[in-house]
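Fold the following and give me the result.
(2 chains)
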Amino acid sequence: MIRALYSAASGMEAQQTNLDNIAHNLANANTTGFKARRAQFQDLMYQNIRQPGAAAGQQTTVPTGLQVGLGTRTSSNEILFTQGNFVSTGNPMDVVIQGKGFFQIRMPSGELGYTRAGTFQLNRDGNLVTGDGNLLDPQLVIPPAAQSVTIARDGTVSFLAPGQTAAQQAGQIQLANFPNPAGLNSLGGDLFQPTDGSGDPIVGNPGGQEGLGTLMQGYTEQSNVSVVDEFVNLIIAQRSYEANSKVVKAADEMYQNANNLVRS
Amino acid sequence: MDNLTAVAASGLRSRMQSLELLANNMANSSSRGYKADREINTLYSAADATNPALSSGQQQSWIHQSWTDFSQGTLEPTGNTLDLALSGPGFLTVRGPSGNLYTRNGSLHVSITGDLLGPEDRAILDNKSKPVRIDPSQPFDISTSGDVTQGGTTVAKLAVVEFSKPETLVKAGQSYFQSTGAANAPVPSTKTEIRQGQIESSNTGPSEAAVRLVSVLRQFEMLQKAMTVGAEMNRHAMEEVAKVNP
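Numbering: from 1, shown residues only, chains lettered A, B, ... in the order given. Here you go, the predicted structure:
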């Protein structure tokens, strides 16, 4: 009886986590380069009340036992690194990665962070920075007098100085990828950090052999959150929560009935 | 205890166990590849009850077995290449701490070294009982028959197995099943298709609550009434029939 109460409670708790996750995804539906997370659940351990294969008599054994499960738990909420939609902005500082790579960002702590959001700006020194002012790594400087900036598919950044006809190269954007991107740690602010689970970054030029993908200038990558899917998940989570709370209520009622036996 | 009370009490106990199994099903309605638990109510006869000399013909209900409903769960498209759904009676094989474990939960991930891992980071095995290893930087494809291909070459073939007696599989938790005894050895499954980019949802859902929960609850109430009636009859017998006039 108490088992039923706790199993149902674990189900309600799991659906709460699910809902938290859905809310986070929906809240970030318009965040550039955001990657949705998906909660996953697993059944907990089982109590073997009657062991299968136990002797039922001298000649016979029990074909199937009695196992009572103890509910569910949230096992993980993995990041889904599917590609988001590309939206044309016409802004020369907006770059998308067509492939699996990440931009390398030098964080204020000095460590490298990794992002899919390629909406860059220039700081007062002419450095290419993210919206938070963190430097792109390797650093790229565009002189203030530059007339137009071109970012090629292979990451080469070039600009046209005033009064000149030939473009000058400012440098090349490099991308990184990980053996297991799902093991990355989210830092917030669109940044990811490598962990032991993700492995060390594999750095290379866009369009190279490493399969990092190519760059496209003038586009931003929208989040890969599917609002329709999230709403469907929301309905499922809500109904499942309701069903589990019904089980709690039923267990309570049955308990009450059992207690009432004494009164008669 | 008299007959009525004892029989009703046994019924109350088995309904409580039914609710425990039901609660686990409800809690796992979002667990991938979860298979519902169902109970088997059987008759219990005490040793005395089967003795013809003593028999009062009393038999009680009890749940001494549960069975797993291995019916197919709904396949949901996710678009994630690391999601596998099994269509058919098969299971994926992983290496467990003591012997192989089997699962229908195909949400995989790749380790740093390129091993394909199932739930709880257990290595997915190929048909030669070796962990499936791929090049993590390259995309991979898994065919319906379980062939893992990368860049046009077949890297491994997943061990998709089925059991002649799936009912003897024991749940090991974390969406795994364990095989009990050599009598039920896994054999390569020919009737199972692998669907990459889909996931099998739990084969039980909240709608089960509407039907089973209410039925268990009402049966419990009914039995409780029966027990109350029995107690009431005993009270009458004691207070009125066996009344001693002063």
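
For chain B, just list every one of the helices.
Under the criterion DSSP state H, helices of chain B are mapped to B:3-27, B:47-50, B:207-208, B:214-236.

residues from the stretch 151-264 of chain A in reach of chain B?
Neighbours of chain B within the stretch 151-264 of chain A, by CB under 8 Å from any CB of the partner chain: A:177, A:179-180, A:182-183, A:196-199, A:202, A:210-211, A:236-237, A:239-240, A:242-244, A:246-247, A:250-251, A:253-254, A:257-258, A:260-261, A:264. Bear in mind the C-beta positions are built from the backbone N, C-alpha and C, glycine included.

same question, the stretch 1-150 of chain A
Residues of the stretch 1-150 of chain A lying near chain B (CB under 8 Å from any CB): A:1, A:3-5, A:7-8, A:10-11, A:14-15, A:18, A:38-46, A:48, A:50, A:52-53, A:62-72, A:75, A:78, A:80, A:82.

In terms of pLDDT, where does residue 165 sit?
Because you didn't say which chain, this covers chain A. We have a pLDDT of 86 for A:T165.

You answered for a different chain; I wanted chain B.
84.

and the gap between it and chain A?
With distances taken as CB to the nearest CB, to the nearest Å, B:K165 is found 8 Å from chain A.

what does B:R38 give?
Using CB to the nearest CB, we find B:R38 at a distance of 10 Å from chain A.

Any idea which helix or strand in chain B has the lowest mean pLDDT?
Ranked by mean pLDDT, DSSP states H and E, the weakest helix or strand in chain B is helix B:47-50, scoring a mean of 62.

nope, chain A is what I was after
strand A:46-50 (a mean of 82).

list the helices and strands that strand packs on?
strand A:66-69, strand B:170-173 (3 or more CB pairs under 8 Å, 6 or more residues apart in numbering or on different chains; DSSP states H and E).

in its sheet, what does it sit against?
In the sheet, strand A:46-50 lines up against strand A:66-69 (antiparallel) (DSSP bridges).

Contacts for the strand it pairs with next, please.
Contact partners of strand A:66-69, identified using CB atoms under 8 Å, 6 or more residues apart in numbering or on different chains, comprise A:3, A:7, A:43-50, B:17, B:20-21, B:24, B:27-28, B:37, B:39, B:63-66, B:170-171, B:173.

How about stretch A:140-155?
Taking CB under 8 Å, 6+ apart as the rule, stretch A:140-155 contacts A:92-93, A:95, A:122, A:125-128, A:157-162, A:167, A:170-175, A:205-208, A:214-217.

so what's residue 8 closest to, chain neighbours aside?
By default, I'm working from chain A. A:V247 (3.9 Å; CB to CB, 6 or more residues apart in numbering or on different chains).

To clarify, I was referring to chain B.
B:M227 (4.1 Å).

now B:I63: how far from B:T168?
18 Å (CB to CB, to the nearest Å).

Pick the most buried one from the helices and strands packed on strand A:46-50.
Compared across those, strand A:66-69 shows the largest average neighbour count, a mean of 23 (mean count of other CB atoms under 10 Å in any protein chain shown).
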